[in-house]
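Visitor: need a structure here:
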Amino acid sequence: MSSIADLRKRLDKIIPKIQQEKFLEGRGLGNEISFYVFDYDPEYELVVRDYVKHIKKEFGLEGSNRRIIEIDLYKTMIEIAKEKRIFDRIFQIEEKQGKEALFKGMVNFAKPEVFLQKIRDTVDDHNVVLITGVGKVYPFVRSHNILNNLQEVLDKIPVIMFFPGTYDGLSLKLFNRMKDDNYYRAFRLVD
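Guide: Okay, here's the model as predicted:
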């Protein structure tokens, strides 16, 4: 496990990385998509959330050529549930039919393509996407499914997924214990 001091050192490298021109242009990636994962010990979730706010504030200043948008997968799932008019029924399903029925119902409506459409509609003219809420939306939405399908939607826009767990460049391990799946097309944002 890393210490809070180690995490803060890694967090402090994010803004300079985003400021680099090659970050926006995706140069030096061998024509790969500009997808990055910032993994961290889940116990520091609140520290990372605060830092994401700091990133958005830093680049939200007038004159910045980085237009950053945060997409919280959990909030996105709630928005989708409300748009599909099933949000109110979620609690009734769990109460009357149990957790398994709720899980099946949530997985059925929370398909990656539904999220991708919502993300596509939300990104607008932003040129950097921060994906958060990965741990909050598990197990209904799996991060590797989002990343695998997101390249169809955001192939020219850098994406940083904040991941509460470990990413070794080959596989994602949510909460440092559950193997999410193999995913090798993203780069670690900061070692």
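Visitor: make it CA atoms for all contacts and neighbour counts henceforth
Guide: OK.
Visitor: Which other helices and strands does the longest helix that the chain contains contact?
Guide: Longest helix in the chain by number of residues (criterion: DSSP state H): helix 45-59. Where contact means 3 or more CA pairs under 8 Å, 6 or more residues apart in numbering; DSSP states H and E, helix 45-59 is packed against strand 68-72.
Visitor: Which pLDDT value belongs to residue 52?
Guide: Residue 52 carries a pLDDT value of 98.
Visitor: ok, now how distant is it from residue 83?
Guide: Distance of residue 52 to residue 83, computed by CA to CA, to the nearest Å: 26 Å.
Visitor: Those two: which is more packed in?
Guide: Taking other CA atoms under 10 Å, residue 52 and residue 83 do not tie; residue 52 has more neighbours (19 against 10).
Visitor: Over to residue 173: give its phi and psi.
Guide: phi -130, psi 100 (degrees, to the nearest 10).
Visitor: Can you verify my assumption that it contacts residue 165?
Guide: Yes. Residue 173 is in contact with residue 165 according to CA atoms under 8 Å; the separation is 5.6 Å.
Visitor: of those two, who's got more company?
Guide: residue 165 (22 against 18).
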